[in-house]
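based on what follows, work out the 3D shape:
(chains A and B)
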Amino acid sequence: MSVDMLLSQIFNGLSLFTILALMAIGLAIVFGLMGVINMAHGELMAMGAYMTYLTSVIFSRWLPGVMGASFLVGIVVAFLTTAAFGLLLETVMIRHLYKRPLDTLLATWGVSLILQQVFRQVFGPINVSVPTASWLQGAWSPMPGLDLPLARVFIIALTLAVALGVYLFLFKSRWGLRIRSVMQNRAMAGAAGINTARVDAVTFAVGCGLAGVAGSALTMIASTGPATGQQYIVDAFIVVVFGGVESLIGTFVSAFMIGQMQSLFEMPFSGSMAKAAILLLVIVALYFRPSGLFSIKVRR
Amino acid sequence: MFAVENLNVYYGESHILHNLQLTLGAHETLAIMGRNGMGKSTLLKALIAMIPAKTGSIQLDGRELAPLKSYARVAAGLGYVPQGRMIFPYLTVLENILSGMDSATNSVVPEYIYETFPVLWDMRARRGGNLSGGQQQQLAIARALVSEPRVLILDEPTEGIQPSIIKEIARSLNTLKKERNFSLIVSEQVLSFTLDIADRFLIIEKGRFVHEAVREYVDADKMMGYLTI
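I've put the predicted structure just below:
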């Protein structure tokens, strides 16, 4: 195996890491912090991808002169749409099911099926693709024989920017403090003066919005179909659990490890065998560290 | 100033608090005393809406608080320090204090907090969960104080705290009450602590008030009779 090939495979792993990380960060907030098992998280990612596609269609028809900006606008549209949908979902359904995880799981699974059918009705059963913006076409060659597609380099940068944004939001803002207080002790947060219902709604909406951004990023490396979300939801849950459900750094590191393992294992094995091997490794790791890679020990 | 009338609380079918009535004047400290399981914590949790009351009125300066949720009662002027402190273990000391400031008029921790509890300044960057029991108690009081309460509710503040720290907490509460202009409701089993801070005593047994005494006429032996098994 040549060095070029290995580096190329590592870069492929990085691409997978970005999608897993973007999706898992949203899931880490919804599942890890709020404890809500949202089976529709994958469909929210697909919704983000479809919104990015819709934005590109609108730009190509009515704003062809600024087509280059369509992807950036698409990311914002994807975030806002999925966050707004998340806010609606939390208000109408999720908040009535807190402390009922199995009911939440079933209800959100139902939502995921409804959303898949809506995507099928609106966008058709055939996958759709977002044209790559001209400034994201081509490749960057850091060394002879190694070409890194600009679109993928951009997604890696986007992932790092989103991770930084989430960190600043959660750990340096007043909203972040409210969210972390509520997630650590809901009853006490209320008794300390925090409006917990409003915090729940905002937290869920932000988590859903991040799934939308993951969907946007996905359009740069794959086409989008009604069942796209299903392909990533299990992986995203594995990433969050493996990383440690209360740790965002854990989620990030876990996404990196699983993305790289998937990519590297695919060289000697098939894609399915690589996934099976990763699952086996995760099970062994969780046997020895049930709280995941990153767990914090404090006096409660 | 603060008045509770006909407060009834149930856990499922079990009737826990029976038609409780109490009043609290400005700058007054009321001690609710009783053995374990008599309803002290349930009463205080019902006051802050951590558990629902079936019936009853809770009024602060004429405003009815009963329909309000916990956060709105804090905004209305109640502060709560729970049994076992319940500080947020993964938040730093500073973040724990800031978490109590959602309804406060300013967004910076007031200086008197660190003057009263210097250890909180020294440990402001540490995780709350890594503090000792006494330090956590000071932190829980600070978190409640920064919401600028008119009535501060403390649930067994001496539980699991060493005697020297208990004395320190009593001193701090007496000073703060005068300086910050609030009233106190404290549930306790330790008579020596309440004698240091309380103006009036209510004994609760099986969810009913069975005895009342003002500080000047407290019969310590009789009180101990209610508190020992």
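
what is the burial count for residue 127?
I'll assume chain A. 15 (other C-beta atoms under 10 Å in any protein chain shown). To be clear about C-beta, it is placed using only N, CA and C from the backbone, and glycine gets the same treatment.

correction: the question concerned chain B.
By other C-beta under 10 Å, neighbour count at B:Arg127 equals 20.

could you measure from it over to chain A?
B:Arg127 sits 5 Å away from chain A, going by C-beta to the nearest C-beta, to the nearest Å.

the helices in chain B, which residues?
B:40-47, B:70-76, B:93-99, B:111-116, B:118-122, B:133-145, B:163-180, B:191-197, B:220-227 (DSSP state H).

A:Gln260: which of those helices is closest?
Ranking the helices of chain B by their distance to A:Gln260 (criterion: C-beta to C-beta) puts helix B:93-99 first, at 33.9 Å.

avg pLDDT for the closest one?
The average pLDDT within helix B:93-99 is 96.

list the buried residues in that helix.
B:93-99 (16 or more other C-beta atoms under 10 Å in any protein chain shown).

equivalent analysis for stretch A:269-277, please.
Within stretch A:269-277, the residues scored as buried using 16+ other C-beta under 10 Å are A:274-275.

who's in contact with that stretch?
Stretch A:269-277 is contacted by residues A:261-262, A:265-266 when judged by C-beta atoms under 8 Å, 6 or more residues apart in numbering or on different chains.

now neighbour count and secondary structure too, for those, in JSON lines please.
Converted to JSON lines, those look like this (neighbours: other C-beta atoms under 10 Å in any protein chain shown; DSSP: H, G, I helix; E, B strand; the rest coil):
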{"residue": "A:Met261", "neighbour count": "18", "secondary structure": "helix"}
{"residue": "A:Gln262", "neighbour count": "20", "secondary structure": "helix"}
{"residue": "A:Phe265", "neighbour count": "20", "secondary structure": "helix"}
{"residue": "A:Glu266", "neighbour count": "18", "secondary structure": "coil"}
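
and of those residues, the nearest to B:Thr228?
Of all the contacts of stretch A:269-277, B:Thr228 sits closest to A:Met261, with 63.3 Å by C-beta to C-beta.

isn't that closest one up against A:Leu280?
No. The criterion here is C-beta atoms under 8 Å, and A:Met261 misses it with A:Leu280 at 10.8 Å.

ok, and of the buried residues of helix B:93-99, which contact chain A?
Counting by C-beta under 8 Å from any C-beta of the partner chain, B:95, B:98-99 from the buried residues of helix B:93-99 sit close to chain A.

of those, which is the nearest to A:Thr104?
Nearest to A:Thr104 among those, with distances taken as C-beta to C-beta, is B:Ser99, at 26.2 Å.

spit out the contact partners of that closest one.
So B:Ser99 contacts A:177-178, A:181, A:189, A:192, A:194, B:88, B:91, B:143 (C-beta under 8 Å, 6+ apart).

ditto for B:Leu44
B:32, B:80, B:153, B:155, B:185, B:187.

can you check A:Gln117 too?
Going by C-beta under 8 Å, 6+ apart, A:Gln117 touches A:Pro226.

if we can go back for a sec, can you say which two of the contacts of B:Leu44 are spatially most distant?
B:Ile32 and B:Tyr80, at 13.8 Å, using C-beta to C-beta across the contacts of B:Leu44.

neighbour count: these two, which is higher?
Taking neighbours as other C-beta under 10 Å, B:Ile32 and B:Tyr80 compare with B:Tyr80 leading, 31 against 26.

what's the local residue count around B:Asn36?
Around B:Asn36 there are 9 residues (other C-beta under 10 Å).

the nearest residue to it once chain neighbours are set aside and B:Arg35, how far apart?
With C-beta to C-beta, 6 or more residues apart in numbering or on different chains as the criterion, B:Asn36 has its nearest non-adjacent residue at 7.4 Å, and that residue is B:Gln189. With the distance defined as C-beta to C-beta, to the nearest Å, B:Gln189 ends up 7 Å from B:Arg35.

equivalent analysis for A:Gln121, please.
Taken as C-beta to C-beta, the span from A:Gln121 to B:Arg35 is 65 Å.

low-scoring stretches of the stretch 1-150 of chain A, by residue?
Applying pLDDT under 70 to the stretch 1-150 of chain A flags residues A:1.

got the residue ranges for the helices in it?
Listed in chain order, the helices found in the stretch 1-150 of chain A under DSSP state H, counting those that start in this stretch are A:3-27, A:41-62, A:70-92, A:101-123, A:150-172.

on that earlier part again, with distance to B:Thr55 added, can I get the buried residues of helix B:93-99 in JSON lines?
As requested, the buried residues of helix B:93-99 are exported to JSON lines (distance: C-beta to C-beta, whole Å):
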{"residue": "B:Val93", "distance to B:Thr55": "40"}
{"residue": "B:Leu94", "distance to B:Thr55": "41"}
{"residue": "B:Glu95", "distance to B:Thr55": "38"}
{"residue": "B:Asn96", "distance to B:Thr55": "34"}
{"residue": "B:Ile97", "distance to B:Thr55": "36"}
{"residue": "B:Leu98", "distance to B:Thr55": "36"}
{"residue": "B:Ser99", "distance to B:Thr55": "32"}
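
report the contact partners of the residue nearest to B:Phe193 when sequence neighbours are not counted.
Nearest residue to B:Phe193 in three dimensions, chain neighbours excluded: B:Thr158, at 5.1 Å (C-beta to C-beta, 6+ apart). When contacts are counted by C-beta under 8 Å, 6+ apart, B:Thr158 touches B:166, B:169, B:188, B:190, B:193.

what's the burial count for the third one?
By that I understand B:Glu188. B:Glu188, neighbours per other C-beta under 10 Å, totals 24.

what sits against it?
By C-beta under 8 Å, 6+ apart, the contact set of B:Glu188 is B:31-33, B:156-158, B:194.

dump those to JSON lines, plus pLDDT.
Formatted as JSON lines, the contacts of B:Glu188 follow (pLDDT from 0 to 100):
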{"residue": "B:Ala31", "pLDDT": "95"}
{"residue": "B:Ile32", "pLDDT": "95"}
{"residue": "B:Met33", "pLDDT": "94"}
{"residue": "B:Glu156", "pLDDT": "93"}
{"residue": "B:Pro157", "pLDDT": "90"}
{"residue": "B:Thr158", "pLDDT": "89"}
{"residue": "B:Thr194", "pLDDT": "91"}
